[in-house]
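In: Here is my input, please return the structure:
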Amino acid sequence: MAEPKIRAYLVAAGMYHDIDHARLELLKLLAEHPSIRVTVAADYHDIEAIQASDFLITYTCNLVPTEAEQVALRDYIRSGKRWLALHGTNSILEFVEGGVAAPENAPVLMETLGTQFIAHPPIQPFQVKITDPEHELVKGVNEFETDDELYLSRIHGDLHVLLHTHFNGEAAGFIEKDWHDDEPRPLYYINKVGEGEVLYLNLGHCRGHWDMEPVMEYYPVIEMGSWDKPEYYELLRRGIRYMCERVQAA
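Out: The predicted model follows:
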C-alpha cells in the first residue's frame, strides 16, 4: 500500500543570508521522502495553504508576519501541527545609530517560536553540546565544533532544550551587547504550543557576496556556518523525519 501524501510548506526568504542556498539544500532533503510534496513561498501570506499543510518549515531572516498571520500561525501549531524553524526565523533586525537593534514588536510570533534573537558575537568556532542525549532528535549525535552565528536570545516559555552551548562575553555591533553570565545558550529545542510543537534549530548561517544589500553592495567573505558540517545535515534529516512520523501517527 502506498504511503499517504505529506504536505510540507516551506518559507525561505529574508535578508542578509544566502536564502537560495538554504532553500535548495532543504528541498533536496525534503525530496529524500517520496511522500512529501512541497509548497514553496517567500512569505506567510497564504494562511489557508499553510493551514492545509501537514507541517511548516522555515528559513528566514527579518521576515515578520502580520499580526493576523502571527495569530494564525500560533493557532495552526495549537491545533496539533508542527513547525521546523531554522536559523533566523526568530529575528527582527534594525540597523540604528550605535549598532543593530532587535525590536520586540512581534510578541505572538516569538511566544510561538519560544525565543527571539537579540544578538550574536562575531562568528567564531564554538562547541555544540548535547543537552538531552536520549532524545530521538539528537541521540547518537556527538558533540561537534562549528563556526556558525551563536544566537543570544530572549527566551519565552518552558523549552525542552536538545542542544546548547556556552557564551560569556560581548556581542560587538549589537545594541544589547553585554551577555556576561554562564547560562547555557539553547541551540536546538522543542517548544510545545497547545497540541502541537515548534522545533527550533538556530544553527545554519550562510551568506554570499551579494547578501548584505542594502547595507553593503559586496560582502567580501562567503560564510557557510554549519552547512559544511555532516552533523548539521543529520540534525536536519532527523527533524524532517520527526515531522513525517508525527503526521503519519496522527
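In: Spatially nearest residue to the residue nearest in space to the middle of the chain (excluding sequence neighbours)?
Out: Nearest residue to the geometric centre of the chain (CA atoms, centre = their mean): residue 86, 1.7 Å. Closest residue to residue 86 apart from its sequence neighbours, by CB to CB, 6 or more residues apart in numbering: residue 59 at 4.5 Å. Using the backbone N, CA and C atoms, a C-beta is placed for each residue, glycine as well.
In: For residue 115, list each beta-bridge partner.
Out: residue 155 (DSSP bridges).
In: Give me the pLDDT for it.
Out: We have a pLDDT of 98 for residue 115.
In: The one 4 residues further on too?
Out: We note a pLDDT of 98 for residue 119 in this prediction.
In: do the same with residue 1
Out: 59.
In: which SS class is the residue nearest to residue 86?
Out: strand (DSSP: H, G, I helix; E, B strand; the rest coil).
In: That one and residue 26 touch, don't they?
Out: Yes: taking CB atoms under 8 Å as the definition, residue 59 is a contact partner of residue 26 at 6.4 Å.
In: Quick check: neighbours shared by these two?
Out: Contact with both residue 59 and residue 26 is made by residues 10, 12, 86, according to CB atoms under 8 Å, 6 or more residues apart in numbering.
In: Identify, from those, the entry nearest to residue 135.
Out: Using CB to CB, residue 86 comes nearest to residue 135 of the shared contacts of residue 59 and residue 26, at 18.1 Å.
In: Could you give the bridge partners of that closest one?
Out: Beta-bridge partners, per DSSP bridges, of residue 86: residue 59, residue 201.
In: so who does it touch?
Out: Contacts of residue 86 were listed using CB under 8 Å, 6+ apart, and they are 22, 26, 57-59, 200-202, 204.
In: what's the answer for residue 139, then?
Out: Counted by CB under 8 Å, 6+ apart, residue 139 has contacts residue 133.
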